[in-house]
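Participant: Below are the sequence and a predicted model for it; my questions follow.
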Amino acid sequence: MEWLQSLNHAIDYMEEHLLDNITCEDVAEHIYISSFHFQRTFNLLTGLTLGEYIRNRRLSLAGQDLLKGEEKVIDIALKYCYETPESFSKAFSRFHGITPNHAKKEGTVLKSFNRLVLKIILEGGNIMDYRIVKKESFRVVTKTRSFSDETSQVEIPKFWSEYYNRGMHNKVCGMMGICAQAEGDTKTWKYGIGCEEKYVKDIPEDFEVLEIPSYTWAIFTCVGPMPKSIQNMWQRVYSEWLPQSDYKLISDYDIEYYTEGDNSKEDYISEIWIPVKEKKN
């Protein structure tokens, strides 16, 4: 369970630095994995972005400090990394439902957000259909945009709707959704919609060609209406399969593959492809 231990070490690190201006890159570097991989794993397992977790923890602790009545609001705002009392008051009110000044009053009810401890709980046998496939490098033609973890769950479905509403699928069919992991310290990453180059007669000017390296892929079959079926499978891949498998994730491209047919049907088939390599004993 080294994978799970690393994530708990990351949470320990965040808890120790809640009063510092830490970034996702700082946390990921502490446990020696890519920032993109850490953010995705954290979000899939907790349902929270890294920013939401840190913000909720800070505001929960700030509420406790205000109840003691020993510090000024401005001092607590600065303590928890807010640049102004106004920005702190706005975030505090959104989280607790009351203003910081109100929180100082005796008998005030505040919200508590406790630190996380990640555990894998085995409850019963659930079948996951997957296969391990070695693929040579191939090229894909995609329409790409940049996204962040904070907005991707809302913005990527909008991107797909726009892709079809604008008829871009008539130029390049939307067979694949391809995620290219972020490089360096950037907080955004690219997501592309498209298909393999061999299926495209003329490449549109506003599309780009990506070279997908030769990898061993773990390919998971998803059955059910979109987007729920594939979103549920992503969560299961990270919470059930990766922690206990003999493979570890390679930090590069991953792919969602969509078959023809009505994607609102209960028997609709899609796939998740992730590049992996065997763990060394």
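Facilitator: That came in fine, so what should we check first? Numbering: from 1, shown residues only.
Participant: Please count neighbours and contacts with C-alpha atoms only from this point.
Facilitator: OK.
Participant: residue contacts, the residue nearest to E25 when sequence neighbours are not counted?
Facilitator: Nearest non-adjacent residue to E25, counting by CA to CA, 6 or more residues apart in numbering: S35, 5.3 Å away. Residues in contact with S35 (CA atoms under 8 Å, 6 or more residues apart in numbering) are C24, E25, V27, A28, E29, A182.
Participant: L78: which of those residues is nearest?
Facilitator: C24 (20.3 Å; CA to CA).
Participant: That closest one against R40, yeah?
Facilitator: No: between C24 and R40 there is no contact under CA atoms under 8 Å: 11.1 Å.
Participant: so how far is I74 from P100?
Facilitator: Using CA to CA, to the nearest Å, P100 is found at 10 Å from I74.
Participant: the more surrounded of those two?
Facilitator: P100 (25 against 16; other CA atoms under 10 Å).
Participant: Contacts only, for the more buried one.
Facilitator: Counting by CA under 8 Å, 6+ apart, P100 touches G63, L66, V73, S89, F92, S93.
Participant: And the helices in this protein?
Facilitator: Using DSSP state H, the helices of the chain run over 2-16, 24-30, 35-46, 50-68, 73-79, 85-96, 100-103, 152-165, 228-236, 242-244.
Participant: Tell me the confidence at D185?
Facilitator: For D185, the model assigns a pLDDT of 52.
Participant: domains of the chain?
Facilitator: 2-103, 130-278 (automatic domain parsing).
Participant: if we can go back for a sec, now the contacts of S35 in TSV, with distance to K228 and neighbour count?
Facilitator: Putting these into TSV (distance: CA to CA, whole Å; neighbours: other CA atoms under 10 Å) gives the following:
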residue	distance to K228	neighbour count
C24	27	19
E25	30	18
V27	30	24
A28	28	20
E29	32	14
A182	25	21
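Participant: what two of the residues you listed are the furthest from one another?
Facilitator: V27 and A182 (15.3 Å).
Participant: I'd like the mean pLDDT over stretch 252-268, please.
Facilitator: 93.
Participant: That should have said stretch 85-97, apologies.
Facilitator: On average, stretch 85-97 scores 95.
Participant: Could you do stretch 136-152 as well?
Facilitator: pLDDT averaged over stretch 136-152 gives 89.
Participant: Run through who's touching that stretch.
Facilitator: 39-40, 49, 51, 155-156, 172, 187-197, 200, 203, 206-215.
Participant: Now, of those, which are buried?
Facilitator: 39-40, 49, 156, 172, 187-197, 207, 209-210, 212, 215 (16 or more other CA atoms under 10 Å).
Participant: before we move on, the earlier item: output the contacts of P100 as TSV; include the columns distance to N232 and neighbour count.
Facilitator: Rendered in TSV, the data for these read as follows (distance: CA to CA, whole Å; neighbours: other CA under 10 Å):
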residue	distance to N232	neighbour count
G63	35	22
L66	40	19
V73	42	19
S89	36	19
F92	32	23
S93	33	15
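Participant: and of those residues, the nearest to L116?
Facilitator: Taking these together and measuring to L116 by CA to CA, the closest member is G63, at 18.3 Å.
Participant: Quick check: the gap between the residue nearest the centre of the chain and L110.
Facilitator: By CA atoms, centre = their mean, the chain has its centre lying nearest to R40, at 2.9 Å. The span separating R40 from L110 equals 30 Å under the rule CA to CA.
Participant: And the strands in the stretch 101-250 of the chain?
Facilitator: Shown for the stretch 101-250 of the chain, the strands assigned by DSSP state E, counting those that start in this stretch span residues 130-135, 138-147, 176-180, 189-196, 208-212, 215-223, 247-249.
Participant: shouldn't A180 be in contact with L210?
Facilitator: No: contact criterion CA under 8 Å: A180 and L210 do not qualify, at 9.5 Å.
Participant: any idea how far the closest residue in space to D252 that isn't next to it in sequence is from S87?
Facilitator: Nearest residue to D252, sequence neighbours excluded (CA to CA, 6+ apart): Q181, at 5.6 Å. For Q181, the distance to S87 (CA to CA) stands at 31 Å.
Participant: Just send the domains of the chain back as CSV, with distance to V117 too.
Facilitator: Converted to CSV, these look like this (distance: least, CA to CA, whole Å):
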stretch, distance to V117
domain 2-103, 6
domain 130-278, 14
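Participant: excluding its backbone neighbours, what's nearest A180?
Facilitator: Y253 (4.7 Å).
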